[in-house]
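Chemist: Provided below for reference: sequence and predicted model.
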Amino acid sequence: MGKVIAWNIISVDGFFEGTQQWDLRLHEHIWGEDLRQLSLRFGDELGLIVFGRVTYEGMAAHWQNTDDESDIADYMNSAPKLVASRTLTEASWSNTEVTADIVGELSRRKQADDRPIYVFGSAVLTDSLLRAGVVDELLIGVAPVILGEGTALFKPAPSVRPLQLLEARAIDTGGVLLRYAVSAVEAANDADR
């Protein structure tokens, strides 16, 4: 059975982007060889990349047209991708499907493939998947920067949700990678509230 792993980068004060959509300058403070190697590992092991519509549109625009990081661009362009959207009906990026029933689709795909399913970015989608009890792990890169304002990764939740720390390690840029197991029981309880 596969795992759904939500991957995102945040500032020390918890923001995944600045005050404007796609203000990702915090990434400049964490990107280095360690994160590059992690990104390549994603490409080697993943079975599926999942995006919300907004993240999908930005990622597709970037990875289809970049000359940077060609080895990462190669797997981003060739990997199977799934977009959660109620408004998008078709996707132009190679190997991309669209679904309006992301919870059902991810539950089915977890059963069908034992490779990891990565949710890249997509804070709104990650929140809804956490509430539905679909996320198995959170992988968070904490950039060594305080933004002061922006869009928070985590939305207010109806209850406390304990996590189990699986890994914490410093990386070459001074950032930290945190990997947590998400309790299915706690997440399911939140979904019922």
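Modeler: Noted; the coordinates are in hand.
Chemist: surely residue 118 is in a helix?
Modeler: No: assigned with DSSP: H, G, I helix; E, B strand; the rest coil, residue 118 falls outside any helix and is strand.
Chemist: next up, the contacts around it.
Modeler: 5, 6, 7, 42, 46, 48, 49, 50 (CB atoms under 8 Å, 6 or more residues apart in numbering). Where you see a C-beta, it was placed from the backbone N, CA and C, and this is true even at glycine.
Chemist: so how far is residue 21 from the first one?
Modeler: The span separating residue 5 from residue 21 equals 24 Å under the rule CB to CB, to the nearest Å.
Chemist: neighbour count winner among these two?
Modeler: Higher neighbour count among residue 5 and residue 21: residue 5, with 20 against 10, using other CB atoms under 10 Å.
Chemist: apart from its neighbours in sequence, what residue is nearest the more buried one?
Modeler: Spatial nearest neighbour of residue 5, chain neighbours left out: residue 137 (4.5 Å); criterion: CB to CB, 6 or more residues apart in numbering.
Chemist: which residues touch the one you found?
Modeler: Residue 137 makes contact with 3, 4, 5, 6, 166, 179, 180, 181, 182 under the criterion CB under 8 Å, 6+ apart.
Chemist: what's the pLDDT at it?
Modeler: As predicted, residue 137 sits at a pLDDT of 98.
Chemist: what about the helix or strand harbouring residue 111, distance to the chain center?
Modeler: Element membership for residue 111, per DSSP states H and E: helix 102-112. From the chain centre to the centre of helix 102-112 is a distance of 16 Å (CA atoms, centre = their mean, to the nearest Å).
Chemist: check stretch 146-166 too.
Modeler: With CA atoms, centre = their mean, you get 14 Å for stretch 146-166.
Chemist: all helices for this structure, in order.
Modeler: Using DSSP state H, the helices found in the chain span residues 33-45, 53-63, 70-78, 102-112, 123-132, 184-192.
Chemist: which stretch in those helices has the least confidence?
Modeler: helix 184-192 - the lowest mean pLDDT of those, at a mean of 49.
Chemist: so for residue 27, which of the helices of the chain sits nearest?
Modeler: With CB to CB as the measure, helix 33-45 is the member of the helices of the chain nearest residue 27 (8.8 Å).
Chemist: what's the angle from the closest one to helix 70-78?
Modeler: 40 degrees (axes from the mean of the first three to the mean of the last three CA atoms, to 10 degrees).
Chemist: tell me how far residue 163 lies from residue 120.
Modeler: Taking CB to CB as the measure, residue 163 falls 20 Å from residue 120.
Chemist: mind checking which of the two has more residues around it?
Modeler: residue 120 (21 against 14).
Chemist: so how far is residue 168 from the more buried one?
Modeler: Counting by CB to CB, the gap from residue 120 to residue 168 is 21 Å.
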